[in-house]
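>>> I'd like to go over a predicted model; first the sequence, then the structure.
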Amino acid sequence: VREGICYRLFSKKAAEVCMPDHETPEMLRCSLENLILRAKSISTAPVAEFLSHALTPPPKERVDLAVSELTVLGAISHEDKTERLTALGWHMAALPLEPTQAKMILLGIMLQAVEPALTIAACLSVPDMFRGGGNERDGVQGVQERLGKNSDILALVHAFEQFDMTLTRHGPQAARDVADRFYLVEANLYMAVSIRDQLRDILVTRRLIGHSSYEDLNLYSDSPAIRRALVLSAANNLAHRVGEGSELLTRSGVNAFVHPSSVVSNQVGIAGRSVWYAYLELAQTRKLFIRSNTVATPLEVILLCGTFLEKSAISGWLLDDWISCCRNSNEDMELIVGARKALMAGMSELAERPAEAMTPTYRQFVRVLQVILEQNEEGEIIKASKRSPQNSRESAPDNAEKSEPERPVIRLGPRTVVTTGSRV
């Protein structure tokens, strides 16, 4: 080898397809929700009009979809036919997080589990906390399975908390030993510590916390049910597997699979049973995989997952336009839906009047909710899902009779307790 000129040859097709002159602008390849929240915090103009002044504005269809998602999350209202940030939206815009994760932190305040919410958000903000290269892959998998049997995110959170506790009590050297034992990237752990502290400072600055004692704000921090509730509210994408197969159905109708690195990848399906997964992302490699997964019970799906739950004349209650939810008793189903609405109303109240949101009645509601979630009833799936023709690989014949596509149905078992003593 010596100094000289190196020539590399590529086909014309490779040059045209794989070598663009410029990188695709971030506005055209990333989620728009955060950008829209920031735009609304500095301008009263309609979002589509505001973004149209960019050098490479995103398509109007993507903007409208993002605005719709934020509206459902309660961040944007359309009173007087104008787009306005709600009080909840203003707080979400101030937090440097994905909107669902920002909302999860506010839910953590309402559920009196602030520190776990901050830790979950910080861990999700740092990529690749676990080492995964070479001979360490099996070790990482074993650690994850020990720390979080049914949740990749909780496994990560538990590992981080071990590091953080050791750092606080015994110093950096002992914390480094913990990082090595759990196959963690030490630099990324310190980054997560910094992000968590930054998020806590933002909450104090915005007076969302500080009006109650630390113990009161973290009354249920050690509750496994409340921790799962926070994770499920942040991972709002759903997939389900019916029976012994490995394929999962997603909202789009496209089949996916649990990623091999997930702690739930080795779980075996049971004939006649359905498993629900809340996940953060889809990854396309040789197959389409779901990543950062948490197994959810039917009750948790109805209470905490998805974006919107609405009444359907045909299917009872419909979650995200594709999951039918029902129970043996219509009255009990109304109570479950009412509990979901109460969580949303509580967050809106917190955003507007932080010092007054945690009333004695709401505290009682949170206590009852924790008891219900800890019962962790499995429920029952009464039928599997079939993909609608427009989402399947094989299109329906032109003369086929048009009918509403079958949806996955959740029917909660009769032992599920949904009474609160009073309606909230």
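Okay, I see it.

>>> thought residue 339 was touching residue 303?
Yes: using C-beta atoms under 8 Å, residue 339 is in contact with residue 303, at 6.1 Å. For glycine as for every other residue, the C-beta is placed from the backbone atoms N, C-alpha and C.

>>> which parts of stretch 204-219 are buried?
Using 16 or more other C-beta atoms under 10 Å as the test for burial, stretch 204-219 gives 208, 209, 212, 217, 218, 219.

>>> what about the nearest residue to the first one once chain neighbours are set aside, how many neighbours?
Read that as residue 208. Ranked by C-beta to C-beta, 6 or more residues apart in numbering and with sequence neighbours excluded, the top spatial neighbour of residue 208 is residue 354, at 5.1 Å. Other residues near residue 354 number 21, with proximity taken as other C-beta atoms under 10 Å.

>>> Residue 354 contacts residue 207, doesn't it?
Yes: using C-beta under 8 Å as the test, residue 354 is close enough to residue 207 to be in contact (5.5 Å).

>>> which residues are common contacts for the two?
In the contact map built from C-beta atoms under 8 Å, 6 or more residues apart in numbering, no residue is linked to both residue 354 and residue 207.

>>> how near is the residue nearest to residue 307 when sequence neighbours are not counted to residue 311?
Counting by C-beta to C-beta, 6+ apart, residue 307 lies nearest to residue 72, which is 5.0 Å off, once chain neighbours are set aside. For residue 72, the distance to residue 311 (C-beta to C-beta, to the nearest Å) stands at 15 Å.

>>> With residue 280 instead?
29 Å.

>>> low-scoring pLDDT stretches of this protein, where are they?
Where the chain drops to pLDDT under 70, the residues are 133, 268-273, 314-315, 327-330, 376-424.

>>> Kindly state the beta-bridge partners for residue 184.
Applying DSSP bridges to residue 184 gives these bridge partners: residue 130.

>>> Show me the contact partners of stretch 171-183.
Contact partners of stretch 171-183, identified using C-beta under 8 Å, 6+ apart, comprise 130-131, 136, 139-140, 143, 147, 159, 162-164, 166-167, 184-186, 189.

>>> Put the buried members of the residues you listed into a ChimeraX selection.
For selection in ChimeraX, the members of these meeting the burial criterion (16+ other C-beta under 10 Å) are listed in this command:
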select :130,131,140,143,147,159,162,163,164,166,167,184,185,189
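
>>> Select from the contacts of stretch 171-183 every entry located in helices.
In this view, the contacts of stretch 171-183 that belong to helices under DSSP state H are 139, 140, 143, 147, 159, 162, 163, 164, 166, 167, 186, 189.

>>> so where do the strands sit in the chain?
Per DSSP state E, the chain carries strands over the ranges 76-77, 84-85, 237-242, 248-250, 255-258, 274-284, 288-296, 309-312, 316-319, 323-327, 380-381, 409-412.

>>> list the buried ones in the fifth one?
The neighbour-count check on strand 255-258 (16+ other C-beta under 10 Å) flags 255, 256, 257, 258 as buried.

>>> how distant is it from the center of its chain?
17 Å (C-alpha atoms, centre = their mean, to the nearest Å).

>>> Parallel or antiparallel, list what pairs with that strand.
Sheet pairing here is set by DSSP bridges, and for strand 255-258 it gives strand 248-250 (antiparallel), strand 288-296 (parallel).

>>> Other residues contacting the first one?
So that's strand 248-250. Outside strand 248-250, the residues within contact range by C-beta under 8 Å, 6+ apart are 237-242, 255-258, 277, 282, 290, 385, 387, 408.

>>> at 6 Å what do you get?
Strand 248-250 is contacted by residues 239, 240, 241, 256, 385 when judged by C-beta atoms under 6 Å, 6 or more residues apart in numbering.

>>> So which of those wins on neighbours?
Ranked by neighbour count (other C-beta under 10 Å), those have residue 239 at the top, with 23 neighbours.

>>> tell me which residues form a beta bridge with that one?
When bridges are assigned using DSSP bridges, the partners listed for residue 239 are residue 250, residue 277.

>>> oh, and call the first residue 43 from now on, that's how I've got it
Renumbered: residue one is now 43, and that last one reads residue 281.

>>> mind listing what it touches?
With C-beta under 6 Å, 6+ apart as the criterion, the residues that contact residue 281 are 290, 292, 298, 319, 332.

>>> Relative to residue 385, which of these is nearest.
Each of the contacts of residue 281 was scored against residue 385 by C-beta to C-beta, and residue 319 proved nearest at 21.3 Å.

>>> so what's residue 390 closest to, chain neighbours aside?
Nearest non-adjacent residue to residue 390, counting by C-beta to C-beta, 6+ apart: residue 130, 5.6 Å away.

>>> And the strands paired with strand 297-300: which comes nearest residue 151?
Each of the strands paired with strand 297-300 was checked against residue 151 via C-beta to C-beta, and the shortest separation belongs to strand 330-338, namely 21.0 Å.

>>> any residues touching the closest one, and which ones?
For strand 330-338, using C-beta under 6 Å, 6+ apart, the contacting residues are 192-195, 273-274, 277, 281, 298-299, 301, 304, 306, 318-323, 325.

>>> Now which of those residues would you call buried?
Among the contacts of strand 330-338, the ones that count as buried by 16+ other C-beta under 10 Å are 192-195, 273-274, 277, 281, 298-299, 301, 304, 306, 318-322.

>>> can you give me the helices in the stretch 93-242 of the chain?
102-115, 129-136, 141-152, 156-167, 179-189, 194-212, 214-223, 228-247 (DSSP state H, counting those that start in this stretch).

>>> I'd like these written out as a markdown table, with distance to residue 402 added.
Conversion of the helices of the stretch 93-242 of the chain to a markdown table gives the following (distance: least, C-beta to C-beta, whole Å):
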| stretch | distance to residue 402 |
| --- | --- |
| helix 102-115 | 28 |
| helix 129-136 | 23 |
| helix 141-152 | 14 |
| helix 156-167 | 19 |
| helix 179-189 | 36 |
| helix 194-212 | 30 |
| helix 214-223 | 40 |
| helix 228-247 | 23 |
